[in-house]
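1. I would like the atomic coordinates for the input below:
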Amino acid sequence: MKVLGISMGRKNERSDIYCKQVLMGVEAAAKAAGKDVEVEFINTVTMNIGQCRGCGACSKAPDGKIKCVIKDDYLALEEKVLDADGIVISAPVYSVGIVGQLKNFLDRFGAAHDRASMIDDQEKRRAEGRPLLDERYFKDRYCSYVAVGGAWTEDWTCMGLPMMHLFSCSQAMKVVGQINANDQGRKTSPFLDQPMMDDMFAMGENLCNNLGVPYDETTWFGKEGTCPVCHLNLLMVDGSANVTCPVCGIHGTAAIENGKMNITFPESEQKRARNTINGLNEHHAEIGEMMRICIPIIMEKKEFLDAKKKEYAAYKPTWN
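-> Predicted coordinates for the structure are as follows:
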């Protein structure tokens with residue numbers, strides 16, 4: 001098995017150190033259990049990972065391989081991710097959320113590797129005798145996340161971990177641990193914060209121990225949080241007792257009891273979270289319905305829409 005560590009921070013600084021500490025925990029657990037686990041570390045800070053241009057080429061896969069037409073370092077990192085069984089991502093939080101380079105990677109990797117869509121496509125390819133998709137697209141993977149921020153209050157780093165979950169949802173990867181490593185400004189160095197380093201090591205041990213385990217039997221490392229799926233505390237509210245986890249897309253109810261808010265997410269909702277195959281199938285069907293409705297309208301109104309596009313293209317042309 002392979003475990004890949006990806007650091008999006010400065011070389012040999014906090015993001016790197018924490019990522020490597022998690023990998024050291026993986027190696028220690030593998031040795032103790034007699035597991036054959038290969039560990040690899042990549043720092044991406046000097047890699048060129050450009051933004052998605054929305055061209056749609058990656059959805060074609062004529063020869064069974066999804067290909068992005070932008071020839072930059074994304075392609076090499078994509079291959080490393082596809083080869084991995086376990087993944088550790090450590091990324092800085094500069095402005096409340098994750099660093100932009102990781103978001104660029106997520107935009108290009110996510111929708112292009114939607115597992116539900118690929119399962120549907122694979123069945124059609126098999127029935128029609130066309131080249132099959134790469135089997136790596138259908139592999140179960142396990143993730144651990146580290147968000148690294150300087151502020152001592154978590155509200156200034158609160159979007160780091162939630163945005164990192166965007167990495168795992170499209171491929172139905174199982175997140176088995178996460179740490180919001182905030183307060184780095186006062187802690188000075190990871191080497192002066194042994195409890196945090198111990199937590200990183202333990203999270204790596206947990207990741208290793210979960211490799212190959214059925215998703216519903218995995219163990220969790222990190223704070224429990226309000227949502228039982230992503231273990232985070234973000235909620236969408238509509239003024240009633242209804243609440244939604246914006247990370248998982250699941251619905252629950254809130255109640256105030258003895259001055260404490262209790263949130264309940266039914267098991268049926270937990271089973272349709274974004275990072276589950278049920279949730280991905282639901283979204284795949286939603287996209288199919290959208291296409292069923294909009295394509296006939298576009299064809300019917302084609303002449304009108306083409307004329308309007310020309311009109312708007314002529315208005316203050318964009319920067320070339």
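2. which phi and psi does V148 have?
-> phi -110, psi 120 (degrees, to the nearest 10).
3. Quick check: it vs Y74, distance?
-> Distance from V148 to Y74, counting by Cβ to Cβ, to the nearest Å: 22 Å. Placement of C-beta: from N, CA and C, glycine included.
4. between these two, which one's more packed in?
-> Taking neighbours as other Cβ atoms under 10 Å, V148 and Y74 compare with V148 leading, 29 against 23.
5. State the distance from V243 to H251.
-> 7 Å.
6. Compare those two and say which is more crowded by neighbours.
-> Between V243 and H251, V243 has the larger neighbour count (other Cβ under 10 Å), namely 21 against 15.
7. What is the burial count for E78?
-> Residues lying near E78 (other Cβ under 10 Å) number 20.
8. Then the one 3 residues further on?
-> Applying other Cβ under 10 Å, we find 20 residues neighbouring V81.
9. residues in contact with the helix or strand where it lies?
-> V81 is part of helix 74-83 when elements are defined by DSSP states H and E. Here helix 74-83 makes contact (Cβ atoms under 8 Å, 6 or more residues apart in numbering) with 2, 4, 6, 40, 42, 44, 47, 49-50, 68, 87, 104-105, 108-109, 134, 136-137, 139.
10. give me the beta-bridge partners of M261?
-> For M261, the beta-bridge partners are I256 (DSSP bridges).
11. how close does it sit to N233?
-> 11 Å.
12. Who has more neighbours out of those two?
-> Higher neighbour count among M261 and N233: N233, with 16 against 11, using other Cβ under 10 Å.
13. what's the nearest residue to the more buried one once chain neighbours are set aside in contact with, if anything?
-> Distance criterion Cβ to Cβ, 6 or more residues apart in numbering; nearest residue to N233, sequence neighbours excluded, is T226 at 4.7 Å. Contacts for T226 (Cβ under 8 Å, 6+ apart) come out as 232-235, 245, 263.
14. Out of the residues you listed, who's the most crowded?
-> C245 leads the contacts of T226 on contacts (other Cβ under 10 Å) with 27 neighbours.
15. Excluding sequence neighbours, find me the nearest residue to G86.
-> V3 (4.0 Å).
16. What's opposite that neighbour in the beta bridge?
-> V3 has these beta-bridge partners by DSSP bridges: V39, G86.
17. what's the neighbour count on it?
-> Residues near V3, counting by other Cβ under 10 Å: 26.
18. one step back: I'd like to know which of the contacts of helix 74-83 are part of helices.
-> Judged by DSSP state H, helices contain the following of the contacts of helix 74-83: 104-105, 108-109.
19. quick one: low-confidence parts of the stretch 201-320 of the chain?
-> Where the stretch 201-320 of the chain drops to pLDDT under 70, the residues are 320.
20. Helices of that one, start to end?
-> With DSSP state H, counting those that start in this stretch, the ranges of helices along the stretch 201-320 of the chain come out as 267-270, 277-300, 302-313.
21. Over to the stretch 51-200 of the chain?
-> Counting by DSSP H, counting those that start in this stretch, the helices of the stretch 51-200 of the chain are 74-83, 100-109, 115-128, 160-164, 166-169, 184-187, 194-210.
22. Would you enumerate the residues in contact with the residue nearest to G86?
-> Applying Cβ under 8 Å, 6+ apart, the residues near V3 are 23, 26, 37-40, 84-88, 207-208, 211.
23. and it, what pLDDT?
-> Looking at V3, its pLDDT reads 98.
24. sorry, back to before: go through the helices of the stretch 51-200 of the chain and find the least confident stretch.
-> Across those, the lowest-scoring stretch is helix 184-187, with a mean of 87.
25. Identify the residues contacting that helix?
-> Against helix 184-187 from outside (Cβ under 8 Å, 6+ apart): 14, 148-152, 193, 196.
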